[in-house]
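Chemist: Starting from these lines, generate the structure:
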Amino acid sequence: MSTANRHYLIACGGTGGHLAPGVALAEGLAARGHGVQLLVSRKAIDTKFLEKYPGLDAIAVPAAPFTFAPVGFCRFVWQQASGLWFCIGHVRRTRPDAIIGFGGFTTMGIMLAGILLRVPLVLHEANRVPGRATRVFGPFARRVWVPPGVELPSVKVARLRECGLPVRAEFRRKLKAAAMVELGFLPSQRTLVVLGGSQGASALNDWAAGAVKPLGAAGAQVICITGPGKTNDRVMTVLSANDGSTVHSYRMPFCDRMAELLSCADLAVTRAGAGTIAELARIGVPSILVPFPEAADNHQIANARYLEQQGGGFVVEQPFIGGLTKEALGVIFNEGLLSRFRANLARIDRTDPLERMIEDVEALGSGPAAKKASAALQLA
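Modeler: From the prediction side, this is the model:
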């Protein structure tokens, strides 16, 4: 049976870690001739991120993250109820062949609408500790993609597939010298890139501010992406290295050319979101991971430890961030160690999950469940 001209909804908003893989899958499905629409949040980060993809259809859905704080909880209930009502109407109008969710607070309304209207559901779990959306909606999904080695007891084994995180098509490594020139950095120097995720991380920003001088004295420049609102504009600091050379280090709130930025890096200091780790592996950047200690279910620590076990970098937990500068200085000029890290990252990235995901979605969208969904929508 032909799978051409099918229509899919992809819920993926709220953070860059949810949005980036959703965009990757949307691009892949669109390239196969399918209609795709992204369901995102109303957050500014989603709007900014999607400016690079004017060819993708995206719509903002009412939604809010869960919190126990009284005001926040009331907002969560109201926004999610509004989102459910919106999504039921949207599914009835668009009649998708399947709904794919990448987790986060934008997933709830569209997944409930899919269950009520009997549309096949697919979930992608990026983290090594499954999140709330996966645990709640996994039993209702026709397919749940999980990282290698991750188990989900509430989901039938036949519905689970081991699958990594898809990376956007343009996310490819460039020659370091060319990437440095494109972004206006000095190509001759060792470079440390500091990333705190799409929102930035104050702990990493503060560490980077103090590490600029000792790293600069050793001859390494620091590029710190602080996150929106934490730096007004690109700021350059000029330092003198111990050998008399000049070192330029930078702080900037946002970079929308992450492939080029990571191509500049000899070493990265980052949080341990699944999206960040997948992009580090794709570009081949050794990293020192500082997991966010308040991440739900400590999933960032689990992500970071897995990468450490695979030999792609190592972990410094936030309570021990005082020793991070010494660690960074010990790694960034150690070419033998960096080469081993890069070889292991190439092995980790060897299997691109995108083609497998597309074929899986196409098969589900043409099966008996899709026919039942179509009949249910006709009656709705």
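Chemist: For the stretch 251-380 of the chain, just list every one of the helices.
Modeler: 258-264, 274-283, 299-309, 324-332, 335-348, 354-365, 368-379 (DSSP state H, counting those that start in this stretch).
Chemist: so which of those helices gets nearest residue 112?
Modeler: helix 368-379 (14.5 Å; CB to CB). In short, each C-beta sits where N, CA and C put it, glycine included.
Chemist: Give the burial count for the closest residue to residue 289 other than its chain neighbours, as a bare number.
Modeler: Closest residue to residue 289 apart from its sequence neighbours, by CB to CB, 6 or more residues apart in numbering: residue 304 at 4.0 Å. Residue 304: 28 surrounding residues under other CB atoms under 10 Å.
Chemist: how far away is the residue nearest to residue 174 when sequence neighbours are not counted from residue 221?
Modeler: In space, and not counting its chain neighbours, residue 174 is closest to residue 263: 4.3 Å by CB to CB, 6+ apart. According to CB to CB, to the nearest Å, residue 263 and residue 221 sit 15 Å apart.
Chemist: who's more crowded, those two?
Modeler: Using other CB under 10 Å as the criterion, residue 263 and residue 221 rank with residue 221 on top: 27 against 24.
Chemist: for residue 7, what are its contacts?
Modeler: 34-37, 94-97 (CB atoms under 8 Å, 6 or more residues apart in numbering).
Chemist: of all the residues you listed, which comes closest to residue 239?
Modeler: For the contacts of residue 7, the nearest to residue 239 is residue 36 (47.1 Å; CB to CB).
Chemist: what helix or strand does the closest one sit in?
Modeler: Counting by DSSP states H and E, the element that carries residue 36 is strand 35-40.
Chemist: Now the following helix or strand past that strand: buried residues?
Modeler: Downstream of strand 35-40, the next assigned helix or strand under DSSP H and E is helix 44-50. By neighbour count on 16 or more other CB atoms under 10 Å, the buried set for helix 44-50 is 45-46, 49-50.
Chemist: Residue 353: which of the residues you listed is nearest?
Modeler: Among the buried residues of helix 44-50, and counting by CB to CB, the member closest to residue 353 is residue 49, at 20.7 Å.
Chemist: pLDDT wise, what is the closest one at?
Modeler: Residue 49 is assigned 86 on the pLDDT scale.
Chemist: Skipping adjacent residues, who's closest to it in space?
Modeler: Closest to residue 49 by CB to CB, 6+ apart is residue 19, at 5.4 Å.
Chemist: give me the number of residues near that neighbour?
Modeler: Using other CB under 10 Å, residue 19 has 28 neighbouring residues.
Chemist: One more: residue 118?
Modeler: Using other CB under 10 Å: residue 118 sits among 16 other residues.
Chemist: And for the one 10 residues further on?
Modeler: Counted by other CB under 10 Å, the residues lying close to residue 128 total 24.
Chemist: which residues does it contact?
Modeler: So residue 128 contacts 147, 149-150, 274, 299, 302-303, 306 (CB under 8 Å, 6+ apart).
Chemist: again, but for residue 12
Modeler: Here residue 12 is in contact with 18-19, 21-23, 38-40, 101-102, 104, 106 (CB under 8 Å, 6+ apart).
Chemist: Surely residue 109 and residue 89 touch.
Modeler: No - between residue 109 and residue 89 there is no contact under CB atoms under 8 Å: 10.8 Å.
Chemist: Which one of the two is surrounded by more residues?
Modeler: residue 109 (26 against 11).
Chemist: With adjacent residues omitted, what lies nearest to that one?
Modeler: Per CB to CB, 6+ apart, closest to residue 109 is residue 83, 3.3 Å.
Chemist: cool, residue 323 as well?
Modeler: Using CB to CB, 6+ apart, the closest residue to residue 323 is residue 316 (6.8 Å).
Chemist: The one you found - how many residues pack around it?
Modeler: Counted with other CB under 10 Å, residue 316 comes out at 19.
Chemist: do residue 248 as well
Modeler: For residue 248, using other CB under 10 Å, the count is 16.
Chemist: ok, now residue 57?
Modeler: 11.
Chemist: rounded to a whole number, what's the mean pLDDT of the lengthiest helix in the chain?
Modeler: Counting residues, the longest helix found in the chain (DSSP state H) is helix 70-94. Mean pLDDT, helix 70-94: 89.
Chemist: ok, back up a step: please name the residues that touch the residue nearest to residue 109.
Modeler: 61-63, 106, 108-110.
Chemist: and if you look at residue 212?
Modeler: 222, 237, 239, 249.
Chemist: Would you check how far apart the residue of the chain most remote from its centre and residue 283 are?
Modeler: Of all residues in the chain, residue 244 has its C-alpha farthest from the mean position, at 39.8 Å, by CA atoms, centre = their mean. Separation of residue 244 from residue 283 (CB to CB) stands at 32 Å.
Chemist: on that earlier part again, and the strand holding residue 36, which residues are buried?
Modeler: So strand 35-40, judged by 16+ other CB under 10 Å, has buried residues 36-40.
Chemist: circling back: and of the contacts of residue 128, the nearest to residue 57?
Modeler: Looking across the contacts of residue 128 and measuring by CB to CB, the closest to residue 57 is residue 274, at 25.1 Å.
Chemist: got the contact list for the nearest residue to that closest one once chain neighbours are set aside?
Modeler: Nearest residue to residue 274, sequence neighbours excluded (CB to CB, 6+ apart): residue 126, at 3.4 Å. Neighbour list for residue 126: 17, 21, 102-103, 147, 165, 273-275, 278 [criterion: CB under 8 Å, 6+ apart].
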